[in-house]
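**Q** build me a model from this:
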Amino acid sequence: MPRHSEQRFLPYTPDQLFDLVADVKRYDEFLPWVTAVRVRSSSETEMVADLIVGFGAFRERFTSRVTKQRPGRIEVDYVEGPLKFLHNEWRFEQAEGGTNLGFTVDFAFRNRIFEAVAGQVFDRALRKMTAAFEERANALYGSSNSSAHSAA
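**A** Residues are numbered from 1 along each chain as shown. Have a look, this model is predicted:
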């Protein structure tokens with residue numbers, strides 16, 4: 001079962017990072033391997049969405065429930081798809097000049113072959129995904145600390 005946790009400091013406000021992560025409908029614009037998104041329902045505190053993830057000829061649909069607690073936390077729980085389970089959590093804590101970001105993901109595939117493949121590429125794929133979120137934040141909010149102060 002792949003599991004990963006990391007902490008980072010980013011020069012953006014908790015609200016900016018919360019908005020970026022909560023904007024699931026745009027994931028196919030910047031996240032590698034996400035080829036399509038369908039939001040089934042959305043409110044201020046909860047969303048249910050389908051993501052189509054593709055690796056070459058491999059395509060799978062994942063349905064997740066996203067619980068939003070502005071501005072400090074977003075949790076994602078697996079509803080339906082090829083996994084046994086998935087849980088990830090984003091935490092956004094105000095810090096001097098930006099945000100301390102905490103990210104945790106824990107999941108397991110139903111299929112042992114997928115589990116073995118995921119284990120081999122998990123770290124590389126996760127680094128690519130987190131880099132995509134950081135690049136998106138830079139594109140939306142700029143790369144200087146001034147963006148973090150202006151919205152605080």
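**Q** averaged pLDDT, the helix or strand Lys128 falls within. What do you get?
**A** Element membership of Lys128, judged by DSSP states H and E, is helix 112-141. In this model, helix 112-141 has an average pLDDT of 81.
**Q** report all helices and strands that that helix contacts.
**A** The contact analysis (3 or more C-beta pairs under 8 Å, 6 or more residues apart in numbering; DSSP states H and E) places helix 112-141 against strand 3-10, helix 14-22, helix 27-30, strand 98-109. Where C-beta positions appear, they are placed from N, C-alpha and C, glycine not excepted.
**Q** may I see the ones you listed organised as TSV, with mean pLDDT and mean neighbour count added?
**A** What follows is the helices and strands packed on helix 112-141, written out as TSV (pLDDT from 0 to 100; neighbours: other C-beta atoms under 10 Å):
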stretch	mean pLDDT	mean neighbour count
strand 3-10	89	14
helix 14-22	97	20
helix 27-30	94	16
strand 98-109	90	19
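**Q** what's the residue closest to the geometric middle of this protein?
**A** Val21 (5.8 Å; C-alpha atoms, centre = their mean).
**Q** where's Val24 relative to Val76, distance?
**A** Val24 sits 9 Å away from Val76, going by C-beta to C-beta, to the nearest Å.
**Q** so what sits against both of the two?
**A** Listed as contacting both Val24 and Val76 by C-beta atoms under 8 Å, 6 or more residues apart in numbering are Val66.
**Q** thanks a lot, see you next time.
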